[in-house]
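In: Below are the sequence and a predicted model; questions follow.
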Amino acid sequence: MSFRKATQLFIGAPRNKFRYALEWTKLASNHPTLNLIEAYQTAIDLLPQFIWLGATTNQRYLDLSTTENLAIKACSAAVRSLDYSLALEWLEHARCVVWGQSVMLRSPLDLLRASHPELATRLQIVADELHTSGLHNLTSKPSPPDESTFDDVGQQRRQLAGEYNSLLEQARQLPEFESFLKPIKATELVRVARNGPVVVVNCQGNQSDALVILPRHNHVKHLALPTFTEHKARQARSQLETSLRHRNLRQRGFKKMGQLGYEDGMEDVLRTLWTDVVKPVLDYLGYTDAISQERLPHITWCPTGPLSFLPLHAAGDYSQPRSRVFDYVISSYTPTLSALIASAPYSQNSSCRLLAVGQATTPGHTPLPGTSTELAHIKAQLQGQAGYSQLVDAQATTTSVLDAMEQHDWVHLACHAHQNVSDPTKSGFFLHDGTLDLASINRRSFKNKGLAFLSACQTATGDNMLPDEAIHLASGMLMAGYPSVIATMWSVVDEDAPFVADKVYEQLMKDKRIGNGEVGRALHSAVAGLRSKVGEKDFGRWVAYIHIGS
């Protein structure tokens, strides 16, 4: 039996059918007659059955680690066939899968409720139960008396997933709901470029490509990046890690500045990114013809695979003039295009309330005396402009912070943070009584939030094993309902954080709104100030800051 036929078996287990589809893609890569595009489409269509809602979040992440970079390989195949819209769709549908499922479970059902209230109500109830149960980790081995409970919870979740899929199918049978909660098509994805171009960069094997979405354009543009390879991306990642280790930049606090010469690795990385990726994109867009004397244009980067961890926003040849990305554009990032679709501009007014959380001393961690200054700066900038509340030191417990986040529009977290590689949902912020983890944050469905400023270490570090799942605290805040996030790719020097926060909030209080690029612009300006203060070549201190979202 052929792999193609095996994927079409009505009685086949979904996991097996997905595996057959993957084998089909491998075989078709070397045999053109086997229809590689159909093979990848089949695999991507089967992916939601393989990464099944009936499994816990942990199990789904484990399953994703076996999908063999499906998204970036499929994208490359679609690019080679000159179907750039399909390449964009496949990247969107096969990346950030667990994220997408979480967003789907929390999607508003207003349209369905208006015409079919009973179906919408039942769907909402089941979705809420699924969303909550998926974030309870069942990875620790239960003691014998708990085994039946463990099995009962798993069985209940599987039943909920089955009912959810059945209700979805019912909804899709209704007139005008045929595409209800289905993956977003390219015709809608191209609308994300509200504030400037969105550039998706895919890196696979010896082939790298930029898929460019321009404002008010209905077609996806393509730019080949022939000199950038997957090997170069991994090498750059390794160089960056070495530089950070020498600089002790994996934990916020007082730094041993390392010895001279240790920054060379980072400078090489930034030069490679400039030469092979960023400058070709800026040339293509016509941005390097002249440096804007007024407002710089805005680019949102959506890197994939090993590129996900690299600082495109700081790319440059620092031995040459006019060879730095920040001279030409303001950079933001997004883990997915749908994250930009979901966000709407947010106006700030006097009724807007910011929660500031500071941990100058956290049990078991190095002191962060700069957080007190940081919160004082924020309070001063918001005076008379917006509401301000703070929870510091012993006041900042996991429960009190979560409850306060519900009551406030913006949140600023100045504390230690942690990336848990073995269990991403346990990554979190260290508070007085424990860790406020991603699972706890995502169990809350925050509505109508604004900015989350994560002035903590490693809030946008990500997981090496699952680079396309955007498993970090910054994306977790996006998923939790904050459309705009300031985060750090590694930890920051304690004395720098108050400076950056002060400048960011000063600008945002002038703008009176976020969601149209204002946060990216405010951070760009603040980091320029920091760069002038510490020196351009002290990369470890200023490159870390990034803006994610709208």
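Out: Nice, thanks for sending it over.

In: what secondary structure does S208 sit in?
Out: State at S208, reduced to three classes by DSSP: H, G, I helix; E, B strand; the rest coil: strand.

In: Wait, it touches H222, no?
Out: No. Counting by Cβ atoms under 8 Å, S208 sits too far from H222 to count as a contact (11.6 Å). The C-beta positions use only the backbone N, C-alpha and C, and glycine is treated the same way.

In: quick one, which of these two is more surrounded?
Out: Set side by side, S208 and H222 give different neighbour counts by other Cβ atoms under 10 Å, the larger being at S208 (27 against 16).

In: Could you tell me what pLDDT the model assigned to the more buried one?
Out: Note on S208: pLDDT of 96.

In: Please name the residues that touch it.
Out: V201, N202, A224, L225, P226, F228, T229, E230, D276, V277 (Cβ atoms under 8 Å, 6 or more residues apart in numbering).

In: if I read this right, the third one contacts D209, doesn't it?
Out: Same thing as A224. Yes. Counting by Cβ under 8 Å, A224 does reach D209; the two are 5.8 Å apart.

In: out of the two, which sits in the busier spot?
Out: When A224 and D209 are compared on other Cβ under 10 Å, the one with more neighbours turns out to be D209, at 25 against 12.

In: Could you work out the end-to-end span of stretch 179-191 for me?
Out: With Cα to Cα, to the nearest Å as the measure, the first residue of stretch 179-191 is 18 Å from its last.

In: Give me the buried positions along that stretch.
Out: Applying a neighbour-count criterion of 16 or more other Cβ atoms under 10 Å, the buried positions in stretch 179-191 are F180, L181, P183, I184, A186, L189, V190.

In: so, if you compare those residues, which one comes nearest to A404?
Out: Closest approach to A404 among these (Cβ to Cβ): L181, at 31.9 Å.

In: Kindly provide the distance from the closest one to G100.
Out: With distances taken as Cβ to Cβ, to the nearest Å, L181 is found 10 Å from G100.

In: Could you do K26 as well?
Out: If you measure K26 against G100 using Cβ to Cβ, the figure is 25 Å.

In: So for these two, which sits in the more crowded spot?
Out: Per other Cβ under 10 Å, whichever of K26 and G100 has more neighbours is G100, with 21 against 14.

In: Assumed the more buried one was part of a helix.
Out: Yes. The assignment for G100 by three-state DSSP puts it in a helix.

In: three-state assignment of S308?
Out: Assigned by three-state DSSP, the conformation of S308 is helix.

In: Next, the contact list for the nearest residue to it once chain neighbours are set aside, please.
Out: Spatially, and ignoring its direct neighbours in sequence, S308 is nearest to P467 (4.3 Å; Cβ to Cβ, 6 or more residues apart in numbering). The contact partners of P467, by Cβ under 8 Å, 6+ apart, come to T304, G305, P306, S308, F309.

In: in what helix or strand does A74 lie?
Out: Using DSSP states H and E, A74 maps to helix 70-80.

In: Can you tell me which of the buried residues of stretch 179-191 is closest to G481?
Out: Set against G481, the nearest of those by Cβ to Cβ is L181 (18.1 Å).

In: Could you look up the SS state of that closest one?
Out: In three-state terms, and counting by three-state DSSP, L181 is coil.

In: State the distance from it to R172.
Out: Here the distance between L181 and R172 works out to 8 Å (Cβ to Cβ).

In: re the thing from before, please name every helix or strand in contact with the helix holding A74.
Out: helix 14-30, helix 36-50, helix 84-94, strand 198-204, strand 207-213 (3 or more Cβ pairs under 8 Å, 6 or more residues apart in numbering; DSSP states H and E).

In: Among the buried residues of stretch 179-191, which one lies nearest to I37?
Out: In terms of Cβ to Cβ, no member of the buried residues of stretch 179-191 lies closer to I37 than A186, at 14.9 Å.

In: just checking, that closest one touches W90?
Out: No. With contacts counted by Cβ under 8 Å, A186 stays clear of W90, the gap being 9.9 Å.

In: Tell me the buried residues in the helix ranked longest in the chain?
Out: Using DSSP state H to define each element, the chain has its longest helix at helix 147-172. By neighbour count on 16+ other Cβ under 10 Å, the buried set for helix 147-172 is G154, R157, L160, A161, E163, Y164, N165, L167, L168, A171.

In: And for stretch 449-458?
Out: Judged by neighbour count using 16+ other Cβ under 10 Å, the buried positions of stretch 449-458 are K449, G450, L451, A452, F453, L454, S455, A456, C457, Q458.

In: For the first one, give me the pLDDT.
Out: Read it as K449. You'll see K449 listed with a pLDDT of 90.

In: surely it meets I441?
Out: No. At 11.5 Å, K449 and I441 do not qualify as touching, with contact defined as Cβ under 8 Å.
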